[in-house]
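Chemist: Kindly generate the corresponding structure for this input.
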Amino acid sequence: MAETNKEDKRKSYDSFDLFKFIAAIMVVSVHTRFLGDSRFHWLHPWCRIAIPVFFMISGFLFFSKYDSLPEGEKNAYLWKFIKRDLLLYLFWFIIFLPFTIVYRGYFHKGIEFFLGTIFLGSSFPASWYLMALAIGILIVAKLYKGAGRYILPIAAFLMYLICLGQYTWRPLFDQLGIGRIYVIPDLRFANNFFVAVTWIWISRIFVTYKEKLLAVNLKKVLALFVLSLVLLWLEHHYLYQKGWFTYNNDVYFFGLLSGPILFWIIVHLDIHVKNAKFLRCMSTLIYCIHATFIEFLRIYVILPKFGEYELPISLLCFVGTLAFSMLTGWLILKGSKKIKILKYAY
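Modeler: Have a look, this model is predicted:
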C-alpha cells in the first residue's frame, strides 16, 4: 500500500488499469441485463460505479499532466487529448455505421436526430461515454479557474440532478410534474456530458488536493466506503420496492459518495500489475465492442427467439458477449502491430 504520509510521486498507476479491466466486465454484465434479473438486481447499483470511476481515472490522468505543463502548452495538450478521444470515437463509429444507421433509424429521423445522438446521447450503442469525456474535459479545463472554481461544482451538481431525474428517479420527477426532457423530437435526454462534468470535476479536485486526500486514514476511508455501499444499496432497494427499478438505472444519488471513495482507494493502491498496458487496452476494446454486439443479439436473436432477457439467456448473453469482445480485442491488439490504423481502436 502507498505510504499516506509521504508525497505521491508515482508516474503510473497500475491500479487504474486493473480496475478499468474489471469495470469493463461490470459494464458488460449490466448491459446484458444479467444484473437486471430479479435474483441478481441487488448487485446492479454497485456495478454502476464503474462508469463514474472510468471518468475519474481519465480526468485524474489528464489533469495530472495538464497541471505540470507551462501555461503556454496547456491548450495544445487539451486539444491533443480531445483529438485522440474523438479519433477513437470516429474509428468505432465508422466500423459500426451500417448497423447504427438501421438501429437508430437515421434515414428517416433527420440530421438533427443524427447530431443529437452524437453530442447528447449515443450514436453506436454506449458511445456516449467517449463524447461525454471529450466535452466534459473541455468544460472543466476551461472553467476551473478564477470564479469558475466556485460556479463549476454548483453547475455540475445541478447537471447531475437532471440526469438523476431523467433516469433512476424519473418516476418521482414525473409525479412532481417535471417528466421527460426531449432534446429534439424522438430524442429524449440521455446519458451525456451532463453526468460526465460531475465526475471529471471530482477528479480535478483529486489532482489539486491529492496529497491532503491521500493523507486521510485508510481504515476510516474503508469504513466510510462500506457505509456508502450500504446507502447505495438501500437507495436501490427502495426503488425496487416501489417498482421503479429498470436496468437503465445508472445514476444513483449515493453514487456521489461511493464513487469518489472507491476512486480514492484505487488511487491509494500502490501495486504493480505485470500486464497493465494490456489490461488498459483491453478494457477500452471491451467497452467499445460489447454494446453493439449486445444490441445485434437482442434484435436478431434474443427477442425473436426467446422474447426476454431471463436466466439462463441473460447469463449466456453475458458470457458470449464478453468472450466475443475479448477475442476481437485480442485480434485487434495483435493486428495493430502490422496494421497501424488499428491503433485508433484503443
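Chemist: Can you spell out which helices and strands pack onto the worst-scoring helix or strand of the chain on mean pLDDT?
Modeler: Least confident helix or strand of the chain, by mean pLDDT, DSSP states H and E, is strand 187-188 with a mean of 72. Packing partners of strand 187-188 (3 or more CB pairs under 8 Å, 6 or more residues apart in numbering; DSSP states H and E): helix 106-119. Yep, even glycine has a C-beta here, placed from its N, CA and C like the rest.
Chemist: Run the chain-centre distance for the helix it packs on.
Modeler: When distances are taken as CA atoms, centre = their mean, to the nearest Å, helix 106-119 is centred 23 Å away from the chain's centroid.
Chemist: Give me the contact list for it.
Modeler: With contact meaning CB atoms under 8 Å, 6 or more residues apart in numbering, helix 106-119 is reached by 100-101, 104-105, 123, 131, 135, 183-184, 186-187, 192.
Chemist: Among these, name the ones in strands.
Modeler: Residues of the contacts of helix 106-119 located in strands (DSSP state E): 183-184, 187.
Chemist: what residues are up against the residue nearest to G116 when sequence neighbours are not counted?
Modeler: Leaving aside its sequence neighbours, G116 sits nearest to L187 (CB to CB, 6 or more residues apart in numbering; 4.5 Å). L187 is in contact with 113, 116-117, 120-121, counting by CB under 8 Å, 6+ apart.
Chemist: Number of residues surrounding L18?
Modeler: Residues lying near L18 (other CB atoms under 10 Å) number 19.
Chemist: Quick check: phi and psi on it?
Modeler: Dihedral pair for L18: phi -70, psi -50, per degrees, to the nearest 10.
Chemist: That one: what's it in contact with?
Modeler: Contacts for L18 (CB under 8 Å, 6+ apart) come out as 271, 273, 276, 279.
Chemist: With respect to V221, which of those is nearest?
Modeler: Of all those, I271 has the smallest distance to V221: 16.8 Å, by CB to CB.
Chemist: Number of residues surrounding the closest one?
Modeler: Neighbours of I271 (other CB under 10 Å): 12.
Chemist: got it, and the one 5 residues further on?
Modeler: Per other CB under 10 Å, the neighbour tally for A276 reads 19.
Chemist: for the one 4 residues further on, same thing?
Modeler: The number of residues packed near R280 is 19, by other CB under 10 Å.
Chemist: Find the nearest non-adjacent residue to it, please.
Modeler: Once flanking residues are discounted, R280 sits nearest to D17: 4.2 Å by CB to CB, 6+ apart.
Chemist: for that neighbour, what are its contacts?
Modeler: Contacts for D17 (CB under 8 Å, 6+ apart) come out as 273, 276-277, 279-280, 283.
Chemist: Try it again at 10 Å.
Modeler: Counting by CB atoms under 10 Å, 6 or more residues apart in numbering, D17 makes contact with 57, 273, 275-283.
Chemist: Tell me how far stretch 276-291 lies from the chain's centre.
Modeler: 13 Å.
Chemist: now stretch 115-133
Modeler: 12 Å.
Chemist: in the stretch 1-150 of the chain, what spans have low per-residue confidence?
Modeler: By pLDDT under 70, the weakly predicted segments of the stretch 1-150 of the chain are 1-11, 35-38.
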